[in-house]
Every structure is written in structure tokens, then in C-alpha cells.
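> Quick one, what's the 3D model for this:
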Amino acid sequence: MIPLRDENPTRTFAGITLLLMAANVAVFAYTLTRPTAAEQQAFVANFALVPREILRAPSLPVYGTVFSSMFLHGGLLHLAGNMLYLWIFGNNIEDAVGHLRFVFFYLLCGLMAAGTHVYMHPDSTVPTIGASGAVSGVLGAYLLLYPRAKVLVAVPIWIFIRFTTVPAWLMLMLWFALQLLSGWLAAGNPQSTGIAFWAHIGGFVAGMVLIPFFKKRRARLWR
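As a prediction, this is how the structure comes out:
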């Protein structure tokens, strides 16, 4: 189930959401300017989050990877998927919390997502990158704020694709259930999939926990 757009207009211009998207795209484009594939991989590795290093070789640069890793992506599809989710759901959360607070909300969700991944895979030496932990926080917030909003999704059925509209709560709960199942199956072996499912889970829960404290007074839960 792939979201394409939601039917949930905003009151304000989502400038921070666009800036975050632009930052992710700019970092990805900069990575591609490295002359060779090896240099591209080295650049990503230098700023990626590695759980074992966080716990066993702590330093300011190593801690900094918690944030730098949020703006790195391993490929165009990885980037496009995260930016699609950020745009569809991020503009409404920015509207609900305010521009400046959205920056802190987004980064804090990413921080808690990274912490969950490190806790679940403390010995992992696999570099972790991507905005998906922070974006998952946006999804968790959306579930509490706009569960009844309509979302247009594409549903692959064998070789066909069906387009349908579903309530946000259904799409988001199915997404979260998939992360839980995948995280459980990959527990103890993050190398098996290359996807940090527990970062998604941690970010999603963080978004749900934090949004009551970040939202404006006019933004009501369970609309």
C-alpha cells in the first residue's frame, strides 16, 4: 500500500517540510558528485550511524552521526520513498505544531528512532542511514491528529495496481504492523534485510508520544 496524496488541506505554507526535503535531496546530490563509487561509499560511511561505534567509541563526531545519518540515502528509490511520505504527511504536522517546533519535533523523533535502533542492535557494525526514522515520527503524529483523513493509495495486486482511498488510520496501522513484524523477524540480525525496522518503530512511537506536547492548542487529537 503506497500513499500518493492525502485529502487534508493545511492552513499554512509547509516551508520547513520543503526545506527538509531540499536538504535531503542536496546531500544526496552532493554524494553523487564524488568521482568514484568508492568515494561515494566512503562519504556515506563517514557520516552514517553505526550502533557499535556509538556505544564503544563515543566521541562528539560519532554522536553527530545520529543527526547526519538522517540526511543520507543509499539510492534514488530510498530517497524518493522517504520524501514522498514526508511531503504527504509532514505538511499537516508542520501546520499543527508550527514551523520552528516542527524542526525540533522532526529531529527529536529521528534521535529517538536512532536510539531504538542502537538499543535493539548494540553490536551492529552496519552503517545506518536515511530519514525514515524521523519521517516515522511524522506518521505516528499523523495517526493521532488525523486518523480519519482520506489517503489515496496504490495497492499492487500481482502485476496490476489498484488505486483506492482509505482512512489514514488504516494505512498507518497496516504500515506499523508491517514494521513490527519485520522488526521481529530481523531481531538480532540487522544485516538480513538492510532496513532499520526498529528505527521505524521507535520513530513512530516517539511521534505519538511527543505530538500532544508539540501541537498547537487548536490542533485536536483524533479528528
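
> what about I195, which helix or strand?
Per DSSP states H and E: I195 is located in neither a helix nor a strand.

> again, but for D6
Element membership for D6 (DSSP H and E) is strand 2-7.

> strands paired with that strand, and their directions?
Sheet pairing of strand 2-7 (DSSP bridges) gives strand 150-157 (antiparallel).

> for this protein, what spans make up the helices?
Using DSSP state H, the helices assigned to the chain run over residues 15-32, 37-47, 51-56, 60-68, 76-97, 99-120, 132-145, 168-185, 197-214.

> Please identify the buried residues of the second one?
In terms of neighbour count (16 or more other C-beta atoms under 10 Å), helix 37-47 has its buried residues at 43-44, 47. For the C-beta atoms, the positions are set from N, CA and C on the backbone; glycine is no exception.

> Serialize those residues to a markdown table and add fields for distance to I88 and pLDDT.
Shown next, in a markdown table, are those (distance: C-beta to C-beta, whole Å; pLDDT from 0 to 100):
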| residue | distance to I88 | pLDDT |
| --- | --- | --- |
| F43 | 29 | 90 |
| V44 | 26 | 89 |
| F47 | 27 | 93 |
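
> Could you dump those residues into JSON lines and include distance to L143?
Converted to JSON lines, those look like this (distance: C-beta to C-beta, whole Å):
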{"residue": "F43", "distance to L143": "35"}
{"residue": "V44", "distance to L143": "31"}
{"residue": "F47", "distance to L143": "30"}
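
> quick one, phi/psi of P122?
phi -60, psi -20 (degrees, to the nearest 10).

> Roughly how far does it sit from L55?
6 Å (C-beta to C-beta, to the nearest Å).

> what does G15 give?
Taken as C-beta to C-beta, the span from G15 to L55 is 37 Å.

> what sits against the residue of the chain positioned farthest from its centre?
Distance from the centre of the chain peaks at P35, with 28.7 Å (C-alpha atoms, centre = their mean). If you count contacts by C-beta atoms under 8 Å, 6 or more residues apart in numbering, P35 has none.

> So what's the residue count around the residue lying closest to A219 once chain neighbours are set aside?
Excluding its sequence neighbours, the residue lying closest to A219 (C-beta to C-beta, 6 or more residues apart in numbering) is A96, at 4.0 Å. A count of nearby residues for A96, using other C-beta atoms under 10 Å, gives 27.

> and the gap between A96 and R218?
Distance of A96 to R218, computed by C-beta to C-beta: 8 Å.

> swap in L84?
For L84, the distance to R218 equals 28 Å [C-beta to C-beta].

> Looking at those two, which has the bigger crowd around it?
L84 (16 against 7).

> Report pLDDT for that one.
What the model reports as pLDDT for L84 is 96.

> for it, what are its contacts?
Contacts of L84 (C-beta under 8 Å, 6+ apart): P3.

> let's see it at 10 Å
Going by C-beta atoms under 10 Å, 6 or more residues apart in numbering, L84 touches 2-5, 21, 135.

> Verify the contact between L32 and G74 for me.
No - contact criterion C-beta atoms under 10 Å: L32 and G74 do not qualify, at 11.9 Å.

> where in this structure is pLDDT low?
Along the chain, the parts satisfying pLDDT under 70 run over 187-194.

> mind redoing it with 90?
Low-confidence segments of the chain, defined by pLDDT under 90, span residues 1, 34-42, 44-46, 53, 56-62, 74, 121-127, 155-161, 182-196, 217-223.
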